[in-house]
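Novice: I need the structure of the sequence given here:
(one chain, ligands or ions: 1)
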Amino acid sequence: MAQAPREVRCLQEWDKYPPFQRRAAFFKRFWSVLAIGPFFVVLVVIFQYFSTSASKLLLALVFAALVWAVAVSAYAAFLNFRGIDCPKCGARFGRGAKCGSCGLPRALPAKTK
Ligand SMILES: [Zn+2]
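Specialist: Reported below is the predicted structural model:
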């Protein structure tokens with residue numbers, strides 16, 4: 001449970017929200033390339049240069065690339081669906097405009113003149 005050092009009026013004012021938001025946006029955009037890229041490179045290298053080899057090391061490389069792909073996909077899904085903890089109440093903030101638990105808004109309403 002993360003607590004804010006001072007009272008925050010909305011989630012976007014919290015220091016930890018912008019880095020989280022950048023990381024989540026990055027993974028939302030590039031998760032598939034990050035996940036499948038190494039697997040693709042390993043397969044191309046193996047078929048290009050070691051197509052007749054029966055080495056267990058190559059098999060381990062393929063397996064490691066698959067584990068990487070699953071790990072990156074799971075982390076991207078975690079960032080997307082779990083989100084961030086609310087700085088006010090510590091519960092999961094969720095994807096809505098307000099914290100489902102305490103009602104802290106994601107952003108302050110725009111000021112009117
Ligand atoms: Zn809350």
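
Novice: low-scoring stretches of this protein, by residue?
Specialist: By pLDDT under 70, the low-scoring segments of the chain are 1-6, 112-113.

Novice: which parts of it sit against the ion?
Specialist: The chain comes close to the ion at residues 86, 88-89, 99, 101-102, 104, as judged by CB under 5 Å from the ion. C-beta here means a position set from N, CA and C on the backbone, and glycine is covered the same way.

Novice: Please enumerate the helices of the chain.
Specialist: For the chain, the helices defined by DSSP state H occupy 17-49, 56-81.

Novice: Save those as a markdown table, and put in mean neighbour count too.
Specialist: Converted to a markdown table, these look like this (neighbours: other CB atoms under 10 Å):
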| stretch | mean neighbour count |
| --- | --- |
| helix 17-49 | 14 |
| helix 56-81 | 14 |
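
Novice: Using CSV, please lay out the ones you listed together with distance to Val8.
Specialist: Formatted as CSV, the helices of the chain follow (distance: least, CB to CB, whole Å):
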stretch, distance to Val8
helix 17-49, 9
helix 56-81, 21
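
Novice: To Arg9, which of the ones you listed lies closest?
Specialist: helix 17-49 (12.4 Å; CB to CB).
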